[in-house]
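In: Based on what follows, work out the 3D shape:
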Amino acid sequence: MTDITLRYRLGGEDYVAFNEEHTANSPVIQKQLEKNRNGTALAFAVLSFAMTWVWTQNILLSLAFGIVIGLILAFVYPKQMKKSLHTQTWRMFCSEEGDPVREADYILTMPPDALHCTWNKNHLIIDYGNLYKVIESKTHVYLYYDEIQALIVPQHAFSDTDAKKEFFGVLEKRMTAAKNTAS
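Out: Model prediction:
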């Protein structure tokens, strides 16, 4: 079995895509977002009720206003949160002029012992048995090595469909072998 080497460049859009995928599919993040959504909606509903009560002394109007505000926030908050995450991620990886500040060329190699990824002056080695999960989207492949961190591989890193099939075939065999060895 030959070693596979992929060479690719990652920029701001790649990091934003990963953050969006991770936010949408991570149980840990989803649980936190649900807590935030419910807590925010409840807090604003109670605040709206209290403010309306102070101004009107009308319990029905106060309850109605509090419930309406709570429901609006329960449905608006997730959309606003997604937009905010996109903006924050983009700012983190791009300068004010829109130039990627963390753009880098990556080299991912797959020797038999572990995945090796090199970019700038960094080198990351991940044992195949430590890969947490592999997710493929339309634009990227995410190789998670824990619940929140992943190697990002853009689909354009594969020269063709056969190269991608070979990559996934070798990856699956090596992950299975590593997990069987650990057992």
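In: need the contact list for the most centrally placed residue in the chain.
Out: When Cα atoms, centre = their mean is applied to the chain, the residue found nearest the centroid is residue 22 (2.3 Å). Contacts for residue 22 (Cβ atoms under 8 Å, 6 or more residues apart in numbering) come out as 29, 142, 148, 150. In this view, the C-beta of every residue, glycine as well, is placed from N, C-alpha and C.
In: Can you list which of those residues are found in helices?
Out: residue 29 (DSSP state H).
In: Serialize the contacts of residue 22 to CSV and add fields for neighbour count, distance to residue 5 and pLDDT.
Out: Below are the contacts of residue 22 laid out as CSV (neighbours: other Cβ atoms under 10 Å; distance: Cβ to Cβ, whole Å; pLDDT from 0 to 100):
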residue, neighbour count, distance to residue 5, pLDDT
29, 16, 32, 73
142, 19, 19, 94
148, 11, 27, 80
150, 22, 19, 89
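In: just the contacts of residue 22 now: which is nearest residue 168?
Out: Residue 168 lies nearest to residue 142 out of the contacts of residue 22, by Cβ to Cβ, at 13.0 Å.
In: Quickly list what the closest one is bridged to.
Out: Here residue 142 sits in beta bridges with residue 135, residue 152, going by DSSP bridges.
In: Lovely, talk soon.
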